[in-house]
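1. need a 3D model of the sequence below.
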Amino acid sequence: MTEIEREIPNLKLSIINVLHSKYKENILIDEKTYLDAIIKFEEKVEKSLIDTMARLNIQGYTKSDRYSLPYNNEIKIELYGESYLNGCYEVFRVARKVMKEILEKNLYKVRFYVHVNVRDKGIMGSVEYLFRYHIPKQRGS
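-> Numbers count the residues shown, from 1 in each chain. Here you go, the predicted model:
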């Protein structure tokens with residue numbers, strides 16, 4: 001599996017605890033458990049996006065080696081921590097922005113992956129979503 005470089009945020013951020021608690025109970029957060037949780041979350045986001053695309057008759061798919069996709073487009077979405085800590089992990093907030101661009105570009109087939117970074121920004125931190133996708137070049141253009 002192709003590895004992607006990840007920034008390891010301050011593991012004491014409140015929004016890290018929310019992400020971690022979705023996948024593990026009563027385990028200290030260290031670099032390994034953070035990486036496991038973030039990868040599982042990325043897969044959940046991708047599955048949700050594929051399901052949403054299918055409802056709109058768009059073929060969305062990822063490679064089995066997700067990060068090996070040579071993407072040529074990227075949508076960056078950053079959600080900031082707020083008093084409702086789960087807010088920056090609500091996939092529908094990301095899906096709205098992604099689907100808007102896909103529909104505006106009139107795409108019917110999308111090969112993509114999602115890369116998520118938790119950042120030490122703002123008061124509570126932020127979650128950055130990078131929706132990276134490939135649009136094949138059209139012949140004759």
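2. in whichever strand or helix holds residue 45, what's buried?
-> Element membership for residue 45, per DSSP states H and E: helix 31-55. Applying a neighbour-count criterion of 16 or more other C-beta atoms under 10 Å, one finds 33-34, 37-38, 41-42, 45-46, 49-50, 52-53 buried in helix 31-55. (C-beta placed from N, C-alpha, C; glycine too.)
3. most widely separated two among those?
-> The largest distance within the buried residues of helix 31-55, taken as C-beta to C-beta, falls between 33 and 53 and amounts to 30.7 Å.
4. assign the residue most central in space within the chain to helix, strand or coil.
-> Central residue check for the chain by C-alpha atoms, centre = their mean: the C-alpha nearest the mean position is that of residue 114, 3.9 Å away. Local secondary structure at residue 114 is given as strand here, using DSSP: H, G, I helix; E, B strand; the rest coil.
5. low-confidence ranges in this protein?
-> Across the chain, the ranges flagged by pLDDT under 70 are 1-3, 20-28, 122, 137-141.
6. residue ranges of the helices in this protein, please?
-> Taking DSSP state H, the helices of the chain run over residues 14-21, 31-55, 91-104.
7. out of those helices, which comes closest to residue 124?
-> Comparing the helices of the chain against residue 124 with C-beta to C-beta, the closest turns out to be helix 14-21 (5.4 Å).
8. just want the angle from that closest one to helix 31-55.
-> Between the axis of helix 14-21 and that of helix 31-55 there is an angle of 80 degrees, by axes from the mean of the first three to the mean of the last three C-alpha atoms, to 10 degrees.
9. show me what helix 14-21 is packed against.
-> Helix 14-21 sits against helix 31-55, strand 109-119, with contacts defined as 3 or more C-beta pairs under 8 Å, 6 or more residues apart in numbering; DSSP states H and E.
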